[in-house]
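> heads up, no residue letters with this:
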């Protein structure tokens, strides 16, 4: 495989932030290998918000791991025209021994930022997720929603480079709100949209919740399960009637799931 | 388009809901009990237990079930103890032993930490020496004293050898179990943030493993103190000076049960003292920072 990371000056002119060409991923030994993803073609334009929708076992998380560089595809090609992708998981996974501000500073520290600059940028990012007062708190002193916001700030911090111009950034999110209660999820979805609009980042958002996908995404991509393939996609989602579209997509999702009952 | 052109008012409402949630959902920190309360709970029970023990001892002695040479009066032991305090000998005994144990322990940490890191992270090393390390942990280090004397002669080298064999396995194993208990998501987060192997060890693995490592250090200290006493008790030589172990041996060879009990008491006192003065506060600070204080 080739993961093309930007060398030197990245170009904003490229029409894609991420491109997946015929990506395949199999797990296990040859012969008994399980195919998680098969021939996935997908592009995310710079500044676009794409929701990947699918039932369990459709390889959504696998796909995200491949884009994040945590794993390599068995075949096909992934091209990134962005800085290091920011990744958010279902768990906030904050370092329990660091304060919220220090958690946001950690990726900056790994990238070699000086102390003063780290402080400043971490404060800005905490401000962005409206946690400017909570920087000195430890993860166990924060609510689940606040922890996810710290995780978002930290993920965004990981895209920054010393002395680098602001690059096109990419935010990869693996069901980040699935473990939260309904009202917190609702607030955080609004929060994410706000951050998305103010940063101009591209987002690849994995979810199994149709409503969430319709609410957040500009484009919704439906994946089949075992192996994961792109079944259908809906563009211009914000222009459609939300209730109608949700029903339509839910219908397709049900169809995809039903095919597994027969097999 | 219901969501993208959300009106300003809506956004403001959402902000208010968000702030409300933050206020309601953030866990309420438990207030630390007052100093007096902590003192009452931390100090009074053990003191009461000690007093009770001495009272029972005094009663048993007064009942004269055993001869004076087997069970001395509490006061006789106190006199022996006070005697060595007054003539200053006790400081020599304690210093000789404690500085040896501390040096041995520091050397144990310096050897045990990289060893534990390698055993935890390199599979073939773990397969090769992991079981050996666990086995050494359960081998009483006093078993090494004869070998140490034959290899090094009766000198400091022999004593440090025994102390190291007592403490290194515990420290290394503590770090291994500390690393094994790290939630796998944390190193993954480190990886997506751009940490390489070395910075991941420095910024994620070691701090994440700290509670387990600290437990290993505590046990390592206990084992090095224990091993030292065994070594001092057996390896006697004028050039080694008189530590607590040698003092205990003196008591035994002089048939002085008062000395023996005073020595045991001193050995216990140093062990408990180090635990209370060094490891307990360290452990509390680490656990409190991570919100794991419910058991303390």
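Now that the structure is in, tell me what you want to look at. In this text the structure is predicted, and so the values were computed from the model without any measurement.

> OK, contacts around whichever residue of chain B sits closest to chain A?
Of all residues in chain B, residue B:291 sits closest to chain A, with a separation of 2.8 Å (C-beta to the nearest C-beta). To be clear about C-beta, it is placed using only N, CA and C from the backbone, and glycine gets the same treatment. By C-beta atoms under 8 Å, 6 or more residues apart in numbering or on different chains, the contact set of residue B:291 is A:96, A:138-141.

> nearest to residue B:246, of those?
residue A:96 (45.9 Å; C-beta to C-beta).

> Next one: that closest one from residue B:290, what distance?
When C-beta to C-beta, to the nearest Å is the yardstick, residue A:96 and residue B:290 sit 4 Å from each other.

> between these two, what contacts are shared?
With contacts defined as C-beta under 8 Å, 6+ apart, the residues adjacent to both residue A:96 and residue B:290 are A:138, A:140.

> returning to what we had before: which SS state does the residue of chain B closest to chain A fall under?
On the three-state scheme (DSSP: H, G, I helix; E, B strand; the rest coil), residue B:291 is labelled coil.

> can you tell me the helix or strand for residue A:76?
In this structure, residue A:76 sits in strand A:75-80 according to DSSP states H and E.

> Tell me which strands that strand pairs with, and in which orientation.
strand A:3-4 (parallel), strand A:18-27 (antiparallel) (DSSP bridges).

> right, so those strands: which one is the most enclosed?
Each of those was assessed for mean neighbour count using mean count of other C-beta atoms under 10 Å in any protein chain shown. The highest is strand A:18-27, with a mean of 18.

> how about the next helix or strand after that one: buried residues?
Secondary structure here is assigned by DSSP H and E; on that basis, the next helix or strand after strand A:18-27 toward the C-terminus is strand A:34-44. The neighbour-count check on strand A:34-44 (16 or more other C-beta atoms under 10 Å in any protein chain shown) flags A:35-40, A:42, A:44 as buried.

> For strand A:34-44, name the packing helices and strands.
Counting contacts by 3 or more C-beta pairs under 8 Å, 6 or more residues apart in numbering or on different chains; DSSP states H and E, strand A:34-44 packs against strand A:18-27, helix A:60-68, strand A:202-207, strand A:230-234.

> And the helix or strand following that strand, how far out from the chain middle?
Going down the chain from strand A:34-44, the next helix or strand is strand A:49-53, by DSSP H and E. How far strand A:49-53 lies from its chain's middle: 9 Å, per C-alpha atoms, centre = their mean, to the nearest Å.

> Can you lay out the contacts of residue B:291 as TSV showing pLDDT and neighbour count?
Putting these into TSV (pLDDT from 0 to 100; neighbours: other C-beta atoms under 10 Å in any protein chain shown) gives the following:
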residue	pLDDT	neighbour count
A:96	89	18
A:138	88	21
A:139	87	21
A:140	86	16
A:141	85	17
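
> Would you mind putting the buried residues of strand A:34-44 into a markdown table with pLDDT alongside?
Compiled in a markdown table, the buried residues of strand A:34-44 are given as follows (pLDDT from 0 to 100):
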| residue | pLDDT |
| --- | --- |
| A:35 | 79 |
| A:36 | 80 |
| A:37 | 82 |
| A:38 | 82 |
| A:39 | 80 |
| A:40 | 82 |
| A:42 | 86 |
| A:44 | 86 |
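
> What's the per-residue pLDDT of residue B:122 here?
Note on residue B:122: pLDDT of 88.

> swap in residue B:296?
If you check residue B:296, the pLDDT there is 49.

> Least confident secondary structure element in chain A?
None of the helices or strands of chain A scores lower by mean pLDDT, DSSP states H and E than strand A:3-4, at a mean of 41.

> Correct me if wrong: residue A:117 contacts residue A:111.
No. Under the criterion of C-beta atoms under 8 Å, residue A:117 is not in contact with residue A:111, lying 10.2 Å apart.

> Compare those two (neighbour count), which wins?
residue A:111 (19 against 14; other C-beta atoms under 10 Å in any protein chain shown).

> give me every residue that touches the more buried one.
Applying C-beta under 8 Å, 6+ apart to residue A:111 gives the contacts A:158, A:160-162, B:194.
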